[in-house]
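Chemist: Sequence first, then the predicted structure, then my questions.
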Amino acid sequence: MNPFAKLTDTLIVRAEGAGYVVNLLLRTFVVVPHLPRRWRFLLDNAFNAGVRALPVTMIVAAFAGAILAMQTGIELRRFGNSNVLGTITALSMCREMGPFITAVILAATVGSAIAAELGTMKVSDEIDALEVMSIDPVDYLVLPRVVAMAMMCPTLTVLSNLIGIYGGSVIAEQNLGVSPDLYWSSAIESLTSSGTLLPKEAYVGLFKALLFGVAIATVSCAAGLRARGGALGVGLAVQVAVRNSVILIIVLGFIVTWFFYFLD
Amino acid sequence: MIELHDVHKRLGTREILRGLTLKVPKGMNFVLMGPSGTGKSVTLKHVIGIFKPDRGTVHVDGQDVPSMDNQQLMALRKRMGYLFQNGALINWLTVAENVALPLKEHSRLPRSEVDDRVHQVLGMVGMDHAAQQFPPSISGGMKLRAGLARALVTNPEYVLYDEPNAGLDPIISHQIHELIAEVRDRLSVTGLIVTHSRACAVQCGDRIGILEAGKLAVEGSVDEMVRSEHPLAKAFLGGGAD
């Protein structure tokens, strides 16, 4: 096949996929008023998302905070500035690391499960069955998952931030000789000195987490709903869901940071 | 009445339907047979508006299905039931919840009335003992019967059956066929049945059509088709079939 034609085909398929995701997100927003009818599925999905991802998220967040403190602390110690280690770890966790780690783990655990679940439903005619019963799959299946992820991603991010900062404190004390009092006082001061309830970093981080949650759920639902061809198609849907979610997390993270810190 | 006229449909690179024309009169079971890949299930999906034809018309009671907007399509689908090959039950809902789903979504009936109606149709298909079981824990035949109960719970005028006995043993198949015939006789429901099974066609059908290469090759009453000398009729309905 002509390489140019192949590239064009690939671009068309990618554009169709992106269009489907955007369309699905818009359709989800349209059916938001139906949410009270879906509270049972919403709670089930929120519980699943939280429980499934919680242990892994906490372990990874603790080590991420520890690594962050270690890498930064080595350099800070050279310049005699170890007293700001708590500040840097706390703000980095809240602004970037916490939301990013949480979202990647949610994409790998919950996003993949969503794609597999909806993909299996698709290839076994369950989605068609909903349609022939005049039940909108977006209303019935996608809406509770998107809202559940929009709730759980920021919630888990808050826990990730706290565990990550704690992980940093262990390294600060054990390996870098920074006293717990100094570490925690600088961390707490950085998170409370802005005059508002929380610093801008925390709000930006939570906003990112909200976007990441919506993006992961929408991309994963789209991958599941577009699955075809039996077990192989379901496997492919899971792969597409995780890959596209991670790409979106990175791109959205960049855009949000740029918007809040560089767009003056 | 269901009417398809000169329907053409291409899926990917394959032209599945190539000028299909058929009529399903009210109150009858029309059986659609034919080799795999000739467009039988695709035909059902045109009738219920999941697929739109590339060319040709699809009418149900004189209404043009492909040109319907979402509201009209919803109204049409509320008058139709659809039995999928494997029942297509939602796995995380119990059998009773699956059957109640269309009522809960579309009617404002009190819960007690919904429960009564669900109990009634589950009783009709012999599944009331399994009402609280989940689909993964029941057999293929039970899934089909539960699927049929779900298709019937809204009192549809039409039921579309997509291979209602695929993968079932002869005894369970026979029970399903009896149910389909009973649905027509007791509830005056019009049926369009896709099957490969001679037993299903003879036991449930009033008329039989056989598809070949995307259009009807031969059609007639059950008696006419059983006696037909057409090679496809002999292949599907002759003594050696099934």
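Modeler: Received, thanks.
Chemist: Quick one: residues contacting B:Ile180.
Modeler: B:Ile180 is in contact with B:Asn29, B:Leu148, B:Tyr161, B:Pro164, B:Gly191, B:Ile193, B:Cys200, B:Cys204, counting by C-beta atoms under 8 Å, 6 or more residues apart in numbering or on different chains. Just so you know, the C-beta spots here come from the backbone N, C-alpha and C atoms, and that holds for glycine as well.
Chemist: what about 7 Å?
Modeler: The contact partners of B:Ile180, by C-beta atoms under 7 Å, 6 or more residues apart in numbering or on different chains, come to B:Asn29, B:Tyr161, B:Pro164, B:Gly191, B:Ile193, B:Cys204.
Chemist: Out of the residues you listed, list just those in strands.
Modeler: In strands, defined here by DSSP state E, the members of these are B:Asn29, B:Tyr161, B:Gly191, B:Ile193.
Chemist: list the buried ones in the strand or helix carrying A:Leu24?
Modeler: A:Leu24 is part of helix A:3-30, with elements assigned from DSSP states H and E. Within helix A:3-30, the residues that count as buried by 16 or more other C-beta atoms under 10 Å in any protein chain shown are A:Gly17, A:Val21, A:Leu24, A:Leu25, A:Thr28.
Chemist: Across the sheet, point out what pairs with B:Lys23.
Modeler: B:Glu3 (DSSP bridges).
Chemist: isn't it right up against B:Met1?
Modeler: Yes - with contacts defined as C-beta atoms under 7 Å, B:Lys23 counts as touching B:Met1 at a distance of 6.5 Å.
Chemist: Where does pLDDT dip in chain B?
Modeler: Along chain B, segments meeting pLDDT under 70 span B:239-242.
Chemist: of all the residues in it, which ones are close to chain A?
Modeler: B:48, B:50, B:74, B:77-78, B:82, B:84, B:86, B:88, B:90, B:101-102, B:105-106 (C-beta under 7 Å from any C-beta of the partner chain).
Chemist: In ChimeraX, select just the buried ones from those residues.
Modeler: Per 16+ other C-beta under 10 Å, the buried members of the residues of chain B next to chain A correspond to this ChimeraX selection:
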select /B:48,74,77,78,82,84,86,88,90,101,102,105
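Chemist: Next step: the residues of chain B next to chain A restricted to helices.
Modeler: If you go by DSSP state H, those have B:Met74, B:Arg77, B:Lys78, B:Leu101, B:Pro102, B:Glu105, B:His106 in helices.
Chemist: for B:Val218, helix, strand, or coil?
Modeler: Of the three states, B:Val218 takes strand under DSSP: H, G, I helix; E, B strand; the rest coil.
Chemist: how close does it get to chain A?
Modeler: Per C-beta to the nearest C-beta, to the nearest Å, B:Val218 is found 29 Å from chain A.
Chemist: and what of B:Asp116?
Modeler: 20 Å.
Chemist: count of residues packed around that residue?
Modeler: Residue neighbour count, defined by other C-beta atoms under 10 Å in any protein chain shown, stands at 11 for B:Asp116.
Chemist: Can you name the residues that contact it?
Modeler: B:Asp116 is in contact with no residue at all, counting by C-beta under 7 Å, 6+ apart.
Chemist: What segments of chain B are helices?
Modeler: Under DSSP H, chain B gives helices at B:40-47, B:70-78, B:95-106, B:111-124, B:140-152, B:170-187, B:198-204, B:222-227, B:231-237.
Chemist: Need the winner for burial among those.
Modeler: Ranked by mean neighbour count, the helices of chain B are led by helix B:140-152 with a mean of 25 (mean count of other C-beta atoms under 10 Å in any protein chain shown).
Chemist: Check the spacing between the residue nearest to B:Val121 when sequence neighbours are not counted and B:Val47 real quick.
Modeler: Nearest residue to B:Val121, sequence neighbours excluded (C-beta to C-beta, 6 or more residues apart in numbering or on different chains): B:Ala149, at 4.3 Å. Taking C-beta to C-beta, to the nearest Å as the measure, B:Ala149 falls 21 Å from B:Val47.
Chemist: Quick one: end-to-end length of stretch A:70-85, please.
Modeler: One end of stretch A:70-85 sits 9 Å from the other (C-alpha to C-alpha, to the nearest Å).
Chemist: could you give the mean pLDDT of that stretch?
Modeler: If you average the pLDDT over stretch A:70-85, you get 87.
Chemist: tell me the domain boundaries of chain B?
Modeler: B:1-79+B:156-242, B:82-155 (automatic domain parsing).
Chemist: quick one: which of those is nearest A:Leu43?
Modeler: For A:Leu43, the closest of the domains of chain B is domain B:82-155, at 13.3 Å, according to C-beta to C-beta.
Chemist: Between the two ends of that closest one, how far is it?
Modeler: Terminal residues of domain B:82-155 lie 12 Å apart, using C-alpha to C-alpha.
Chemist: State the pair within the ones in helices among the residues of chain B next to chain A that is farthest apart.
Modeler: B:Met74 and B:Leu101 (14.7 Å).
Chemist: how about the residue positioned nearest the centre of chain B, what does it touch?
Modeler: By C-alpha atoms, centre = their mean, chain B has its centre lying nearest to B:Tyr161, at 1.6 Å. Residues in contact with B:Tyr161, defined by C-beta under 7 Å, 6+ apart, are B:Leu83, B:Ile180, B:Gly191, B:Ile193, B:Val194.
Chemist: And for B:Glu105?
Modeler: A:Met133, A:Ile135.
Chemist: quick one: least confident helix or strand in chain A?
Modeler: Lowest by mean pLDDT, DSSP states H and E among the helices and strands of chain A is helix A:180-192, with a mean of 87.
Chemist: Give me the buried positions along the helix or strand that the helix holding A:Leu24 is followed by.
Modeler: Next along the chain after helix A:3-30, taking DSSP H and E as the criterion, comes helix A:39-78. Using 16+ other C-beta under 10 Å as the test for burial, helix A:39-78 gives A:41-42, A:45-46, A:48-50, A:52-54, A:57-58, A:60-62, A:64-66, A:68-70, A:72-73, A:76.
Chemist: Also compute the angle for the helix or strand following helix A:39-78 relative to helix A:180-192, please.
Modeler: Counting by DSSP H and E, the next helix or strand C-terminal to helix A:39-78 is helix A:85-92. Here the directions of helix A:85-92 and helix A:180-192 differ by 40 degrees (axes from the mean of the first three to the mean of the last three C-alpha atoms, to 10 degrees).
Chemist: okay, the angle between helix A:85-92 and helix A:39-78?
Modeler: Calculated by the same axes, to 10 degrees, helix A:85-92 forms an angle of 140 degrees with helix A:39-78.
Chemist: Check which helices and strands helix A:85-92 sits against.
Modeler: Counting contacts by 3 or more C-beta pairs under 7 Å, 6 or more residues apart in numbering or on different chains; DSSP states H and E, helix A:85-92 packs against helix A:39-78, helix A:143-174, helix A:180-192.
Chemist: distance of A:Ala187 from B:His8?
Modeler: 69 Å.
Chemist: out of the two, which sits in the busier spot?
Modeler: A:Ala187 (25 against 16).
Chemist: Pretty sure the more buried one sits against A:Leu91.
Modeler: No - contact criterion C-beta under 7 Å: A:Ala187 and A:Leu91 do not qualify, at 8.7 Å.
Chemist: where's B:Met28 relative to A:Leu68, distance?
Modeler: 73 Å.
Chemist: Just give the nearest non-adjacent residue to A:Met97, would you?
Modeler: Using C-beta to C-beta, 6+ apart, the closest residue to A:Met97 is A:Ala64 (5.3 Å).
Chemist: re the thing from before, among the residues of chain B next to chain A, which pair sits farthest apart?
Modeler: Based on C-beta to C-beta, the longest span within those runs between B:Met74 and B:Asn86 and measures 24.5 Å.
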